[in-house]
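Chemist: below are the sequence and a predicted model for it; my questions follow.
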Amino acid sequence: MAVKDYIRERFLPHIWCPGCGHGTVMSGLIRAVEQLGINKNDMVMVSGIGCSARISGYLDFHTLHTIHGRALAFATGVKLSKPDLNCIVPMGDGDALAIGGNHFIHAARRNIDITAIVMNNRIYGMTGGQFSPLSGIGVNATTAPYLNIDNAFDVVKLAKAAGATFVARTTTYHAKQITDLIMQAITHKGFSVVEILSQCPTHFGRKNKEGSAVDMMKRYREITTPIGSKKKKENPDLIERGIFVQENNPEYCIEYDKIIKKAMKG
């Protein structure tokens, strides 16, 4: 299938702000599915609420546009009922780790075969620029006019601690790496988390004087480095990119099917 075959062209042009990084994420996701040669009828996408959730409207997969923070709960039900489908859940940082935080850690704990894509723009973009659990200390937001004092989650550390068996991070500046990591996440048998730093020039950029979308993307190049690089040793504050966890542990749907078979025999 061609790339355009995965898109619902009737819903374009998209409604994202000019310079939003989510379009780059969607492009990387489409290219990953296309390069894997997966039939769109074998894909299901479940999204919640927020700028990131709009992806489910633009892609011609089986899709569920659900409620804020609950996408992983819905996706768990879908995956248990249709385990052969490739299940992808695009989420924003607030969607995934604020109201959706409990679902996130338990989906990881179960190691259910779902690919969670966390688009981290460090802000609630759709609802007006409120700070999120990933904004971090010193960030300016509409709900933090005198700067945010809340510590931020580290998505990678949280996913690892909760039991996710594939954990990776990249940025919208590193577009080719987005495709590569999503390809590996989809083919991994277990709960996969791909965090993608994604710029929000409309709210985060303006509030924090980070310049244009291009300026924000260039900053991703400057503040990130591959895992274990010499730069990281010289500057511990740099954010690492790449694959942090890749393990083969029992997958939840497979184990659940074994329980059903035992019960049927009993």
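Modeler: Sure thing, it's come through.
Chemist: going forward, measure contacts between C-alpha atoms and count neighbours the same way
Modeler: Noted.
Chemist: so which residues of the stretch 101-250 of the chain form strands?
Modeler: Along the stretch 101-250 of the chain, the segments classed as strands by DSSP state E, counting those that start in this stretch run 114-120, 166-171, 192-197, 224-226, 239-246.
Chemist: which of those sits closest to Asp42?
Modeler: For those, proximity to Asp42 was assessed by Cα to Cα; strand 114-120 is nearest, at 13.4 Å.
Chemist: what does the closest one rub up against?
Modeler: Under the criterion Cα atoms under 8 Å, 6 or more residues apart in numbering, residues 22, 25, 52, 75-76, 79, 86-93, 96, 134, 185-186, 190-199 lie in contact with strand 114-120.
Chemist: so for it, what's the average pLDDT?
Modeler: Taken as a whole, strand 114-120 has a mean pLDDT of 96.
Chemist: likewise stretch 12-31?
Modeler: Regarding stretch 12-31, the rounded mean pLDDT is 93.
Chemist: before we move on, the earlier item: how about the strands of the stretch 101-250 of the chain, which one is nearest Asp150?
Modeler: In this view, these are compared for proximity to Asp150 by Cα to Cα, and strand 114-120 is the closest at 16.2 Å.
Chemist: give me the sheet partners of the closest one and which way each runs.
Modeler: According to DSSP bridges, strand 114-120 forms sheet pairs with strand 86-92 (parallel), strand 192-197 (parallel).
Chemist: turn those into CSV, including mean neighbour count.
Modeler: Shown next, in CSV, are these (neighbours: other Cα atoms under 10 Å):
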stretch, mean neighbour count
strand 86-92, 26
strand 192-197, 27
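Chemist: where does the stretch 151-266 of the chain have low pLDDT?
Modeler: Under the criterion of pLDDT under 70, the regions of the stretch 151-266 of the chain flagged as low confidence span 266.
Chemist: which residues in it form helices?
Modeler: If you assign secondary structure with DSSP state H, counting those that start in this stretch, the helices in the stretch 151-266 of the chain sit at 155-162, 175-187, 206-207, 213-223, 230-234, 252-265.
Chemist: residues of the fifth one that come out buried?
Modeler: Translated: helix 230-234. By neighbour count, with 16 or more other Cα atoms under 10 Å as the criterion, the buried positions of helix 230-234 are Lys232.
Chemist: where in the stretch 1-150 of the chain is pLDDT low?
Modeler: Scanning the stretch 1-150 of the chain for pLDDT under 70 picks out 1.
Chemist: helices of that one, start to end?
Modeler: Using DSSP H, counting those that start in this stretch, the helices found in the stretch 1-150 of the chain span residues 22-36, 55-58, 71-81, 93-97, 101-110.
Chemist: what's next to the third one, contact-wise?
Modeler: Where contact means Cα under 8 Å, 6+ apart, the residues beyond helix 71-81 that reach it are 46-48, 66, 85, 87, 89, 91, 100, 103-104, 107, 112-114, 253.
Chemist: please pick the buried ones from those.
Modeler: Using 16+ other Cα under 10 Å as the burial test, the contacts of helix 71-81 include 46-48, 66, 85, 87, 89, 91, 100, 103-104, 107, 112-114, 253 as buried.
Chemist: which one of those is nearest Asn140?
Modeler: When the buried ones among the contacts of helix 71-81 are ranked by distance to Asn140 (Cα to Cα), Met91 comes first, at 22.1 Å.
Chemist: tell me what the closest one is bridged to.
Modeler: Met91 has the following beta-bridge partners by DSSP bridges: Val118.
Chemist: with Leu197 instead?
Modeler: In this entry, Leu197 is beta-bridged to Asn120, Thr171, by DSSP bridges.
Chemist: need the strands paired with strand 114-120 in JSON lines (columns: distance to Leu36).
Modeler: Formatted as JSON lines, the entries for the strands paired with strand 114-120 read as follows, by distance: least, Cα to Cα, whole Å:
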{"stretch": "strand 86-92", "distance to Leu36": "12"}
{"stretch": "strand 192-197", "distance to Leu36": "16"}
